[in-house]
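Participant: Task: produce atomic coordinates for the following.
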Amino acid sequence: MQIFLKYARKRQTYDIAASEFNNSLSVAEKRVFIVALHKLGIPILVTPKSKFDIQNIAFEKAEIDKDEISAIINQITLGHCDQLFYIEPDNYFSENIRLKTLRYVAKKWVIDVLGNSRLDRTKNPPLIIYPHNWFLKFTLGERLGIAVLKERVAVEEYYDNTGNPNIEAVERLIIDIDCGLWDSSFFWDIENYQNVTAASSLNNAMTQLLHNNYYQNNVIQRPNG
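Facilitator: Reported below is the predicted structural model:
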């Protein structure tokens, strides 16, 4: 952290400090605390197009704030981040890359596909009509990665009274994806998700059927007259 403090005094950016950071610390040392630094706000650069390399940690082009570095040092000194030292960095950053990739794909799908779809309310149930051959813009892996999200957002609230996409709702959806609120959808396998929802629908139907039978068999008949 002293390396970053030195660059902070000159109001320089993290990417400029990358070379000294990597040359001054061993791989073993970086493995111990690199996850903690990322969790605490150090802008380690992880993108869908790059693979995490512990030997050459990359940083974003963001100005180093002396007060923020001092606050991070204080948090580490007080032991508030000790549990982060046990997280394996390769798995942590690989998962981080996967999430960023899927968020990017999900937002692209929302803009290009959901944003150009229509809801036909003359059908029962209402039918969502997506652009012709929309899937050609996405690889099979991308389609599988966002398949659960696609099913979960297939609801009427994303459409206005005319059946066109509700622009405000779609924009909020994009913001929610960026914030990670839909990340849980990316961890579901589509077949497992469909099995769970089918089982839930069957249970609900059975419950309703039993309720109806009970009501019919136990209804109180009003006396005539």
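
Participant: could you show me where the helices are in the protein, in order?
Facilitator: Per DSSP state H, the chain carries helices over the ranges 2-8, 14-24, 27-39, 66-77, 89-112, 140-145, 147-152, 167-178, 190-218.

Participant: Residue 131 is nearest to which of those?
Facilitator: Closest to residue 131 of these is helix 89-112 (C-beta to C-beta; 7.7 Å). No exception for glycine: its C-beta is placed from N, CA and C like everyone else's.

Participant: Any idea how many residues pack against residue 96?
Facilitator: A count of nearby residues for residue 96, using other C-beta atoms under 10 Å, gives 16.

Participant: Could you check the pLDDT of the closest residue to it other than its chain neighbours?
Facilitator: Closest residue to residue 96 apart from its sequence neighbours, by C-beta to C-beta, 6 or more residues apart in numbering: residue 46 at 5.3 Å. Note for residue 46: predicted pLDDT of 78.

Participant: can you check residue 17 too?
Facilitator: We have a pLDDT of 94 for residue 17.

Participant: now residue 210
Facilitator: Model confidence at residue 210, given as pLDDT, is 56.

Participant: follow-up on the earlier one: got a list of what the residue nearest to residue 96 touches?
Facilitator: 52, 93, 96-97, 100 (C-beta atoms under 8 Å, 6 or more residues apart in numbering).

Participant: 6 Å instead?
Facilitator: Counting by C-beta atoms under 6 Å, 6 or more residues apart in numbering, residue 46 makes contact with 93, 96-97.

Participant: Show the backbone phi and psi for residue 125.
Facilitator: The phi/psi pair for residue 125 (degrees, to the nearest 10) reads phi -80, psi 170.
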